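*Asks:* sequence unknown, structure follows:
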């Protein structure tokens, strides 16, 4: 670069000639040089700013263009990613303990209409009404022509129905894919599974939500996309459930009962192996709840869980077990059983006004089912200790199982616990619990006195139990229950090889306005088997049963529930893998020839 | 030397362009294959779940019970009952084979009782 000199000789000389100060020229030049430098620096800075501005502009343009592109384009699945198992399964299956399907999903179609695209609404309405008997032709035609542009016609179609609708051939009839819930076993586990229906509905899909039972209680688990491909395994054994259902249905008809309930519980794990309530319903086509009348008359009513009734003498063993636990008595102790017993203005008698007294051993109180003997035991125990024991047995709270209806099983407990309440509850009156409560309490006795929370889900590891009875008292109670079957009120309960132990209970139903209805009773048989090492607890309840083979109807549990329960045990115990304890003949020469 | 380098780089560029072109189409083909396979997997899964449902429906206990009753003549199936359990001692040992005299040796027929002629 050529630098301009600060003191150019020509101008200096000229200035000297004119007598001017040549320093002015130098200062002038210095100033010019400084201005020049500043101008260049400014130019460069401006250029850089422009460049930076352009760079920012370009960057923001790129971001904006990308956003615009994303907003304007159709969304698309990433094509290269591997598809998981969750594509088909929207809601997890439910299986029994051996993996047999109880509830699964099935693809079907829903039918909807775009009336504005219809060619001949009158003909469509007529032909649809022919296909579906519940549709009215004139009603449909009115709805097709009143100016609406969309309407749902059917939530589910079978393939045959879909083909028939196709054959109508109108462009205004359209199908939307649907995943519906299917219960392949029909009525079999109806009260456990509950039912399901569609939640939010769209043309292309609809969400399936549980409406009752396990489907509703476990809705979050079943809909969890992360667990959709792992079926929910229940503790139910489908084969046992089926056998019990069949026998209870037969027993209900034979004993002229209005309803029946059965609960089979594994005492060592607290798992419910089978739970049946009759009459039942088909969860594929769940009926609507009753609007008026008794809820218990609806098939939706789960007698095993929601049916809280006074369970009668089945409660006596709890009183006896507690008395032994507290060391007040032992099985041979003689107690006062002189009937009728007077307590204030109340009179406590025995069945059919009998008198088993004056003294009975505790074992015989249970075997003969003596109200008076039990009442004296309860008075020895006292109200407070009795309440604490019932509470520890879970009889004061709803059963904590995985059903929406479980909170509805809240027992009916007297508000004031007077002495007369102590007496009546000791033999199962004045307090109402469900058959499920009874099964859980009996399971605690059968499980050497350790109480386990019941469950409908398959258990992989055992929960921590709570000891409510010593092993000694529990064993003594089981032995008393065994004698009820061998020489007491439940003699029809004997099943050869399975050592059934149990207690009958007959209670009159409570009338609406108060008091008892003599002609209507609840017959219960709570049992466990085999008595030498109890594995299972079975509770069978028949509602308003009567056995009419004799000259007058017999309404006691010993004649009604017990034979039914015995048949249940005879059929289900082999299915559960229990070998009968049968004395076999020693091998003879005929059956075992020498080789 | 310089023109040679020029031509060489041009050729490298062209071959790279050709390779990129082919890769592009190969990738698109692979993506198409993947989406086709995905939809095939989805439809197979759906078919599988449908068939499981159908299998469960066909094996529902009430239907099996009816079938057992219907085919009792052929199958003689009965519900499992306690009497069907047994002990190992109750099972018989295999019987020793019974020696049956062999037939097949030539038998001479001398005559018949009622004097009829031997048909052979």
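*Replies:* Structure's in. What do you need? Since this is a predicted model, take the numbers as computed values, not measurements.
*Asks:* make it CA atoms for all contacts and neighbour counts henceforth
*Replies:* Fine.
*Asks:* measure the closest residue to residue A:318 other than its chain neighbours to residue A:345 for me?
*Replies:* Residue nearest to residue A:318 in three dimensions, not counting chain neighbours: residue A:426, with 7.7 Å by Cα to Cα, 6 or more residues apart in numbering or on different chains. As judged by Cα to Cα, to the nearest Å, residue A:426 and residue A:345 stand 18 Å apart.
*Asks:* neighbour-wise, which of the two wins?
*Replies:* The neighbour count for residue A:426 versus residue A:345, taken as other Cα atoms under 10 Å in any protein chain shown, is higher for residue A:426 (31 against 6).
*Asks:* Tell me the residues of the stretch 351-500 of chain A that contact chain B?
*Replies:* Neighbours of chain B within the stretch 351-500 of chain A, by Cα under 8 Å from any Cα of the partner chain: residue A:497.
*Asks:* where exactly do the strands run in the stretch 351-500 of chain A?
*Replies:* For the stretch 351-500 of chain A, strands defined by DSSP state E, counting those that start in this stretch occupy the ranges A:359-361, A:432-433, A:450-451, A:466-467.
*Asks:* Redo the ones you listed as a markdown table? Include mean pLDDT and mean neighbour count.
*Replies:* As requested, the strands of the stretch 351-500 of chain A are exported to a markdown table (pLDDT from 0 to 100; neighbours: other Cα atoms under 10 Å in any protein chain shown):
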| stretch | mean pLDDT | mean neighbour count |
| --- | --- | --- |
| strand A:359-361 | 86 | 18 |
| strand A:432-433 | 89 | 25 |
| strand A:450-451 | 92 | 24 |
| strand A:466-467 | 90 | 16 |
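*Asks:* With distance to residue A:330 as added columns, please give those in TSV.
*Replies:* Compiled in TSV, those are given as follows (distance: least, Cα to Cα, whole Å):
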stretch	distance to residue A:330
strand A:359-361	9
strand A:432-433	28
strand A:450-451	20
strand A:466-467	20
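*Asks:* Would you mind saying which of those strands lies nearest residue A:395?
*Replies:* strand A:432-433 (6.8 Å; Cα to Cα).
*Asks:* Which neighbouring elements make contact with that closest one?
*Replies:* Packing partners of strand A:432-433 (3 or more Cα pairs under 8 Å, 6 or more residues apart in numbering or on different chains; DSSP states H and E): strand A:309-310.
*Asks:* Would you confirm that residue A:434 contacts residue A:309?
*Replies:* Yes. Counting by Cα atoms under 8 Å, residue A:434 touches residue A:309, with 6.2 Å between them.
*Asks:* about what we covered before: what's the closest of the strands of the stretch 351-500 of chain A to residue A:396?
*Replies:* Per Cα to Cα, nearest to residue A:396 of the strands of the stretch 351-500 of chain A: strand A:432-433, 8.2 Å.
*Asks:* By residue count, what's the longest helix in chain B?
*Replies:* helix B:2-58 (DSSP state H).
*Asks:* Could you name the helices and strands sitting against it?
*Replies:* Short answer (3+ Cα pairs under 8 Å, 6+ apart): helix B:2-58 packs on strand A:101-113.
*Asks:* ok, back up a step: please report how far the residue nearest to residue A:318 lies from chain B.
*Replies:* Distance check for residue A:426 against chain B: by Cα to the nearest Cα, to the nearest Å, it reads 36 Å.
*Asks:* which ones are touching that residue?
*Replies:* A:315, A:316, A:318, A:319, A:374, A:375, A:378 (Cα atoms under 8 Å, 6 or more residues apart in numbering or on different chains).
*Asks:* again with residue A:573
*Replies:* A:579, B:82.
*Asks:* Helix or strand: which one has it?
*Replies:* helix A:561-575 (DSSP states H and E).
*Asks:* Next, count neighbours for residue 48.
*Replies:* No chain specified, so I'll use chain A. For residue A:48, the count of nearby residues is 12 (other Cα under 10 Å).
*Asks:* was after chain B, sorry
*Replies:* So residue B:48, with other Cα under 10 Å, has 13 neighbours.
*Asks:* got it, and residue A:575?
*Replies:* Neighbours around residue A:575, by other Cα under 10 Å: 18.
*Asks:* do you know how far it is from residue A:247?
*Replies:* Residue A:575 is 14 Å from residue A:247, by Cα to Cα.
*Asks:* same question, residue A:385
*Replies:* 39 Å.
*Asks:* Residue B:79 now?
*Replies:* 12 Å.
*Asks:* ok so, going back, what is the mean pLDDT for the longest helix of chain B?
*Replies:* The average pLDDT within helix B:2-58 is 92.
*Asks:* distance between that helix and the chain's centre?
*Replies:* From the chain centre to the centre of helix B:2-58 is a distance of 33 Å (Cα atoms, centre = their mean, to the nearest Å).
*Asks:* sorry, back to before: residue B:79 and residue A:247: who's more crowded?
*Replies:* residue A:247 (16 against 13).
*Asks:* And stretch A:25-34, what's buried?
*Replies:* A:25, A:26, A:29, A:30 (16 or more other Cα atoms under 10 Å in any protein chain shown).
*Asks:* swap in stretch A:312-329?
*Replies:* Those buried within stretch A:312-329 under the rule 16+ other Cα under 10 Å are A:312-325, A:329.
*Asks:* so what's residue A:491 up against?
*Replies:* With Cα under 8 Å, 6+ apart, residue A:491 has these contacts: A:484, A:485, A:558.
*Asks:* Neighbour-wise, which one of those residues leads?
*Replies:* Neighbour max across the contacts of residue A:491 (other Cα under 10 Å) = residue A:484, 27 neighbours.
*Asks:* Look at residue 16 and say how many residues are nearby.
*Replies:* Using chain A. The number of residues packed near residue A:16 is 12, by other Cα under 10 Å.
*Asks:* sorry, should have said chain B
*Replies:* 12.
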